[in-house]
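S.K.: Got a sequence here, can you model it:
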Amino acid sequence: MNPEETFGIKENTHYTLETTQLFRAGRYIDSTVVKINVQAIKDDAVEGRIYIELVPNENFVRGLDFYQYMIVNVSGVGLSSQPTLWRTNSLDTYGGTYSSVKAEKFIELNGILEEDWKAPNKAILYAYAKKTYEWFENNPTYDNGELVVFKGTIEY
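M.R.: Sure, this is the predicted structure:
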């Protein structure tokens, strides 16, 4: 972890990363584990990033420059911008005009883990959207004093 490039997030509070990692020889691709404390990030309303880079030593030499680092963006203040999945799945059609409240609930209710998730078919997308629509119908939610309605041009 590069402390000069990491900001807004505290190690051992919001995330943990082992300082010593084992990478397999002769590989172009390998992995590491970053443990994110989601509850602490939400509680502290954290917005920041972790910049992880490979550092050569006596047992390890750098490879291609482009593959020497990874950035993990973290936000506990909600979706600060429209996620790719909203556009990719034309969710305006299902849920109306984008709002972070709608997107967060859609993601939470349907267990979506990828920001760029794409529904495998329209039936699944409809089912996920209907579940979200029904949740908002049964749980009146307000965003800046306005009732949130998850409804586009699709009829449920």
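S.K.: ranges for the strands of the chain?
M.R.: For the chain, strands defined by DSSP state E occupy the ranges 15-17, 34-36, 47-53, 69-75, 142-143, 146-147.
S.K.: who's in contact with residue 83?
M.R.: Shown in contact with residue 83 (Cβ atoms under 8 Å, 6 or more residues apart in numbering): 103, 107, 115-116. (C-beta placed from N, C-alpha, C; glycine too.)
S.K.: Just the pLDDT at it, thanks.
M.R.: Per-residue confidence at residue 83 stands at 85 (pLDDT).
S.K.: and the residue nearest the centre of the chain, what pLDDT?
M.R.: Closest residue to the average C-alpha location of the chain: residue 115 at 5.4 Å, with Cα atoms, centre = their mean. On the pLDDT scale, residue 115 is placed at 77.
S.K.: nearest to residue 90, of the strands of the chain?
M.R.: Set against residue 90 and scored by Cβ to Cβ, these come closest in strand 142-143, at 21.5 Å.
S.K.: List the contacts of the closest one.
M.R.: With Cβ under 8 Å, 6+ apart, strand 142-143 has contacts from 99, 101, 148.
S.K.: Sheet partners, orientation included, of that strand?
M.R.: Here strand 142-143 is paired, per DSSP bridges, with strand 146-147 (antiparallel).
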